[in-house]
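Participant: test case, fold it:
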Amino acid sequence: MTFNIKTVNPKISVIIPVYNAQIFLHKCINSILTQNFTDFELLLIDDGSQDDSGKICDEFEVKDRRIRVFHKINEGVSSSRNFGINKANGEWICFVDSDDWLDNGAFQEIISSIENKNVDLVIWGIKLVYDKHIKEIIVPTAGLFNTSTEVSELLIRSDIKGYFGSPCTKLYSSSIIKLNKLYFDNNLSLMEDCKFNYSYFKYISSVFAIPKSYYNYRLGHNSLSLSNNYPDIFLELWRDYIQMRSEFYTSYNGLYKDIFNRLLDKEIEMSYITFTLALYAKKRTAKTRRENFAKILNRGKIEIFKGKSIYYLLKTNNVYIIDTVFKLRYLILKFRTILINSSFRLMRNSTIVICSLILLADCNL
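Facilitator: Numbers count the residues shown, from 1 in each chain. This is a model prediction of the structure:
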């Protein structure tokens, strides 16, 4: 179906930042264009792509008048989303990443669910699509939440489930975003999504939650490149994010407060480990890595990981063993195709390989 008339004030503005995404871009865009709900505009923000992504966007624009394409210099995903916000004409704003896709019929079900309801935010589930398996995360409870206590409890339960790491499973009110001048932080390369979400939450009084996972989030193809981009101020950024969330729920004293506080404690310790793991991709010296592992051990918080494989590794209290296991874990991620096809068979009886694989699955880092 070809649409020849642009919608002036569409129900939804779909914003897709595009950067060197030619491999995945057709699937992503087609998942939007084939929705049976048609009252939307699609904004493709080409962020200075060096591959054929910009050309692909232009080709789609010719075929479907609901698409608007913008080419800009490379400034990052936050800049592209902000550009899209300024250009959006829709009542609602929906963000989609260029390597992901939506299920068929998603928009129709979402809009039908909130028809004739006063809603400031719509949330739904997500499918984490790995190379060989899919993990589904569903919102903890469904329906309309329109009191302060109900909204806080829904949000805190969703946070506990690890739900707020992406802006791509939500409909945001365009008027709330623009009235309060809410934008993604261009200075951040990590946790900018989470910061945006909690900035938005300050202005909402109602949420509608849908217990379906319409969004397919592709994982696995860029995990190493992301770890290589962890900034040296990663720990500072993570502490600020934890503080933001803690302060947001200060007035909430419900059933999930203690669970949430324990989660924050665990995230603090995991942030130290995450940062140290990034040192492998950054090619820092073994001495630097071991010094960081020593700091983790000296914090005396490893009981937080009890019951996980990482706990037994840290329990050795030996930075050389810990560093060796994590080093192998990094190499497995880096050369996994080669290892799986050849070397793994030769090394399958190695205890340290097994330990690393269990650790990888357990930490989900």
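Participant: from here on, contacts and neighbour counts on C-alpha atoms
Facilitator: Noted.
Participant: residues in contact with stretch 117-124?
Facilitator: Here stretch 117-124 makes contact (Cα atoms under 8 Å, 6 or more residues apart in numbering) with 138-139, 169-173, 176, 204-214.
Participant: swap in 6 Å and give it another go.
Facilitator: 169-173, 204, 206-210, 212-213 (Cα atoms under 6 Å, 6 or more residues apart in numbering).
Participant: ok, stretch 192-201 next?
Facilitator: Outside stretch 192-201, the residues that touch it by Cα under 6 Å, 6+ apart are 165-167, 184-185.
Participant: does Asn20 touch Ser49 like I think?
Facilitator: Yes - the criterion here is Cα atoms under 6 Å, and Asn20 meets it with Ser49 at 4.9 Å.
Participant: pairing partners for the longest strand along the chain, with directions?
Facilitator: If you go by DSSP state E, the chain has its longest strand at strand 207-218. Using DSSP bridges, the strands paired with strand 207-218 are strand 101-102 (antiparallel), strand 121-129 (parallel), strand 143-145 (antiparallel).
Participant: can you give me the end-to-end distance of stretch 248-257?
Facilitator: 12 Å (Cα to Cα, to the nearest Å).
Participant: show me what counts as buried in it.
Facilitator: Neighbour-count burial for stretch 248-257 flags 248-249, 257 (criterion: 16 or more other Cα atoms under 10 Å).
Participant: in helices only, show me these.
Facilitator: Judged by DSSP state H, the buried residues of stretch 248-257 include 248, 257 as members of helices.
Participant: can I get the buried residues of stretch 248-257 in CSV with distance to Gly300 and pLDDT?
Facilitator: Output for these, formatted as CSV (distance: Cα to Cα, whole Å; pLDDT from 0 to 100):
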residue, distance to Gly300, pLDDT
Phe248, 28, 93
Tyr249, 27, 94
Lys257, 24, 94
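Participant: so can I have CSV of the buried residues of stretch 248-257 showing distance to Tyr320?
Facilitator: Output for the buried residues of stretch 248-257, formatted as CSV (distance: Cα to Cα, whole Å):
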residue, distance to Tyr320
Phe248, 40
Tyr249, 40
Lys257, 38
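Participant: out of the buried residues of stretch 248-257, which one sits closest to Lys132?
Facilitator: The shortest approach to Lys132 among these belongs to Lys257, at 35.3 Å (Cα to Cα).
Participant: could you check how far that closest one is from Val122?
Facilitator: 23 Å.
Participant: same check on Leu33?
Facilitator: From Leu33 over to Val122 the distance is 21 Å, taken as Cα to Cα.
Participant: again, but for Ile310
Facilitator: In terms of Cα to Cα, Ile310 sits 36 Å off from Val122.
Participant: where do the helices sit along the stretch 101-250 of the chain?
Facilitator: For the stretch 101-250 of the chain, the helices defined by DSSP state H, counting those that start in this stretch occupy 106-113, 148-160, 174-179, 192-201, 223-228, 234-248.
Participant: between those helices, which gets nearest to Phe70?
Facilitator: Phe70 lies closest to helix 174-179 among those, at 19.4 Å (Cα to Cα).
Participant: related to what we said a few turns ago, just say which of the strands paired with strand 207-218 is most tucked in.
Facilitator: When you average the neighbours per residue for each of the strands paired with strand 207-218 (mean count of other Cα atoms under 10 Å), strand 101-102 leads with a mean of 24.
Participant: now that one: how far from the chain's centre is it?
Facilitator: With Cα atoms, centre = their mean, to the nearest Å as the basis, strand 101-102 stands 14 Å off its chain's centre.
Participant: check what pLDDT the residue found closest to Glu61 once you drop the neighbours it is linked to in the chain gets.
Facilitator: Nearest residue to Glu61, sequence neighbours excluded (Cα to Cα, 6 or more residues apart in numbering): Ile67, at 5.1 Å. Looking at Ile67, its pLDDT is 98.
Participant: phi, psi for Ile67 please.
Facilitator: Main-chain torsions, Ile67, degrees, to the nearest 10: phi -90, psi 140.
Participant: wouldn't it be in contact with Leu44 here?
Facilitator: No - between Ile67 and Leu44 there is no contact under Cα under 6 Å: 7.3 Å.
Participant: those two: which is more packed in?
Facilitator: Between Ile67 and Leu44, Leu44 has the larger neighbour count (other Cα atoms under 10 Å), namely 27 against 22.
Participant: after the strand or helix carrying that one, which helix or strand is next?
Facilitator: With secondary structure defined by DSSP states H and E, Leu44 is part of strand 40-47. Downstream of strand 40-47, the next assigned helix or strand under DSSP H and E is helix 53-63.
Participant: picking that back up, what would the helices of the stretch 101-250 of the chain look like in a markdown table with distance to Ile268?
Facilitator: Shown next, in a markdown table, are the helices of the stretch 101-250 of the chain (distance: least, Cα to Cα, whole Å):
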| stretch | distance to Ile268 |
| --- | --- |
| helix 106-113 | 35 |
| helix 148-160 | 14 |
| helix 174-179 | 30 |
| helix 192-201 | 16 |
| helix 223-228 | 17 |
| helix 234-248 | 7 |
